[in-house]
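Q: following is a predicted model, sequence given first.
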Amino acid sequence: MFKNTISNLGRIRQVMEVLVRYGFEDVVTSTALRRLVPQGRRVSWQHAEKTVFDTNRWERIRLIIEELGPTFIKLAQALSNRPDLLPEALIDEFEKLQSDVPPFPVVMARRLIEEELGRPISEVFSEFDDVTLGSASIGQVHKARLLTGEEVVVKVQRPGVQEKVRTDLSLLRELVRLTAGFLRKQGLSNPQDIVDAFERSMTKELDYTSEARSMDQFRKLYADYETFYVPKPYREFSTSKILIIEFVSGCKISNKPQLLEWGLDPAKVAETGMDIYLTQIFEFGVFHADPHPGNVLVRPDGTIVLIDFGMVGKLTKQQKYAFAGVFIGMARQDARSMALNFRRLALHADIPDMRRFEADLNDLIEDFTVLDVKEMSMSDLADRLQVIIYDYKLQVPGAVFLILRALVILEGIGKVLHPSFNTFEFVRPYGARIIAEQYSPENLMSEAQYTGVQLLSLLSTLPTDVRQIMRKISRGDLRVKVELGGYQPLLRKADQLVSRTIIALLAVAFLLFSGLSLMGRYSSEMAYHRGIPMLTWFSLGVTGFLLLVLVIMGLKKEQRERD
Ligand SMILES: Nc1ncnc2c1ncn2[C@@H]1O[C@H](COP(=O)(O)OP(=O)(O)OP(=O)(O)O)[C@@H](O)[C@H]1O
């Protein structure tokens, strides 16, 4: 750790100077950073140069980030999707951060491509356009043609960007370590986790082979869709630093005059775009996380094309159901269902006052139900939901914010194409379909299988655990820690839990017995015609009864929790 501080010392001091210059000397004086102030110099060494800003605290934080460069800008942009961590005013500032960066010289791009391909450009491309199609903090894009004739784009990383980001990430870790106490006071209890998550997403973005894999995944998922296309990545020519992709010609989805010129109905294009997005979220649970108009193209035949798969979000099946449940709860004006689904969605849901939580959700529902569908706006709803998530410190998966942001961007595009475009009209049927899917026989069956496997593993470890506890008791080694205060409800809960576990174990045992007896029966050809034996019927009946008891106990528990 200390070694890291020394190796980053120059840059850390640079950061400290920037902090002081923008009026944040308290971050230096009240943290371990003060130990790094050069001997004989007071922390306010920059006061003479300190620019007096008329700007507020949040704006000055943005200016600091801009001055610190690309890694910090990327971090701030990623955090601008996390209203559960940062106040709204700071997020508004972070959204202003520009990612437009001038291109780097084409000779460097050519050199890197040749190094990565291991051969001259002319051995792979018949044409290579030196003018870039676009450039950002990580890389830039050139148009080219393969020797085989296909038109392609070549994404090339900025030379040294991987090393630069790695150094900045280590610096960031150091800064977070040195200012941990200060950050905690600002309400950020887990800054290292944030850096970890950021590092994971940056590592993916910096590896173009991961982007190529995402493109192939989407190409497979949408192979049968005629209205949606994902360009093909040429993986044989791609590495972590260069990515060759099929060139697609089309216009930005927001270019209404061009769509009209091609004879396309803009409202229909908006509808198709939204449908494609909602299938990603609610059907496949994997979605393109950055649908700004530059990344959504339309071909003259109306096909929607997505480019730039550097950031892809994912929801597990359970998260998908819970997310849909929040929307459906709202549509049905059922605050309780909304609250329960929020709790399912949160990673560490510790909502001390469920009644107040429900009341807040109810306020939101009431505010929205007085509106006509046409007046409802996704961005208003996203704002309200984000405030609730922030207030209750619900740690919902990052993908949820990416979805809300994507829906807001898509709504913006939809309104450009068709003024009365309404996101809710599209979301509702998807939500309803997902709820139906959740309770489909196949899903219930797979849930039951999952529970069965868990119970079996519990059964397999239980005897060992019990034996260990018994051994400890006989040796007089068993220590029980009891904390006084409010233990009665806990004991009651534990008692109920033990009863439910025993019933579940019995149900599994009877079910296994039924299965085994049937297997034995059907393995003999002669016995096949004798039908199902009485004993199997009996054990199936007992299993059914035990399951019924479990369901009733579960319902009662839910009822108790609601009350
Ligand atoms: N397959 C493609 N066909 C045609 N043009 C493309 C293709 N891929 C990229 N482009 C062009 O290159 C530009 C930059 O591409 P891309 O968005 O993938 O790069 P990026 O470095 O991730 O940029 P940003 O982060 O700004 O979105 C696009 O806006 C588009 O104009």
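A: Thanks, I have it. Numbering: from 1, shown residues only.

Q: residue contacts, whatever residue of the stretch 101-250 of the chain ends up closest to the ligand?
A: For the stretch 101-250 of the chain, the residue closest to the ligand is residue 134, as judged by CB to the nearest ligand atom, at 3.0 Å. C-beta here means a position set from N, CA and C on the backbone, and glycine is covered the same way. By CB atoms under 8 Å, 6 or more residues apart in numbering, the contact list for residue 134 reads 140-141, 294.

Q: which strand residues bridge it?
A: Per DSSP bridges, the residues bridged to residue 134 are residue 141.

Q: quick one on the thing from earlier: kindly give a single PyMOL line that selects the buried subset of the contacts of residue 134.
A: In PyMOL, this line selects whichever of the contacts of residue 134 come out buried by 16 or more other CB atoms under 10 Å:
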select buried, resi 140+141
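
Q: kindly identify which of the contacts of residue 134 also come near the ligand.
A: Among those, the residues within reach of the ligand (CB under 6 Å from any ligand atom) are 141, 294.

Q: of all the contacts of residue 134, which comes closest to residue 77?
A: residue 294 (15.2 Å; CB to CB).

Q: confidence score at that closest one?
A: pLDDT recorded at residue 294 is 89.

Q: contacting residues around it?
A: Per CB under 8 Å, 6+ apart, neighbours of residue 294: 134, 252.

Q: distance of it from residue 304?
A: Taking CB to CB, to the nearest Å as the measure, residue 294 falls 14 Å from residue 304.

Q: now residue 79
A: Residue 79 sits 30 Å away from residue 304, going by CB to CB.

Q: of the contacts of residue 134, closest to residue 554?
A: When the contacts of residue 134 are compared against residue 554 (criterion: CB to CB), the nearest one is residue 294, at 49.2 Å.

Q: backbone torsions only: list them for that closest one.
A: Recorded main-chain torsions at residue 294 are phi -70, psi -20, according to degrees, to the nearest 10.

Q: how close does it sit to residue 190?
A: For residue 294 relative to residue 190 (CB to CB), the value is 34 Å.

Q: likewise residue 202?
A: Counting by CB to CB, the gap from residue 202 to residue 190 is 18 Å.

Q: the more surrounded of the two?
A: Per other CB atoms under 10 Å, whichever of residue 202 and residue 190 has more neighbours is residue 202, with 20 against 14.

Q: what does the helix or strand harbouring the more buried one rub up against?
A: Residue 202 belongs to helix 191-205 when elements are defined using DSSP states H and E. If you take CB under 8 Å, 6+ apart as the criterion, helix 191-205 is touched by 71, 74-75, 78-79, 85, 138, 165, 169, 172-173, 176-177, 180, 183, 188, 210-211, 310-311, 398.

Q: in helices, which of these fall?
A: 71, 74-75, 78-79, 165, 169, 172-173, 176-177, 180, 183, 210-211, 398 (DSSP state H).

Q: filter these to the buried ones?
A: 71, 74-75, 78-79, 165, 169, 172-173, 177, 180, 183, 210-211, 398.

Q: among the residues you listed, which ones lie close to the ligand?
A: Near the ligand, by the rule CB under 6 Å from any ligand atom, you find none of these.

Q: farthest pair in those residues?
A: Every pair of these checked by CB to CB; the farthest is 180 and 211, at 33.6 Å.

Q: I'd like to know how many residues surround residue 391.
A: 12.

Q: same question, residue 508
A: 19.

Q: kindly report the same for residue 501.
A: By other CB under 10 Å, the residues close to residue 501 number 13.

Q: one more: residue 333?
A: Residue 333, neighbours per other CB under 10 Å, totals 13.

Q: confirm it sits in a helix?
A: No - going by DSSP: H, G, I helix; E, B strand; the rest coil, the assignment for residue 333 is coil, not a helix.

Q: so what's the backbone phi/psi at it?
A: Dihedral angles for residue 333 - degrees, to the nearest 10 - are phi 60, psi 40.

Q: once you drop chain neighbours, what's closest to it?
A: residue 365 (5.2 Å; CB to CB, 6 or more residues apart in numbering).

Q: number of residues surrounding the one you found?
A: Neighbours around residue 365, by other CB under 10 Å: 18.

Q: check contacts around it.
A: So, once contact is read as CB under 8 Å, 6+ apart, residue 365 ends up touching 330, 333, 335, 338.

Q: out of those, which is most surrounded?
A: residue 338 (26 neighbours).

Q: for the spatially closest residue to it that is not a sequence neighbour, give its distance to residue 255.
A: Nearest non-adjacent residue to residue 338, counting by CB to CB, 6+ apart: residue 329, 3.4 Å away. Distance, residue 329 to residue 255, using CB to CB: 37 Å.
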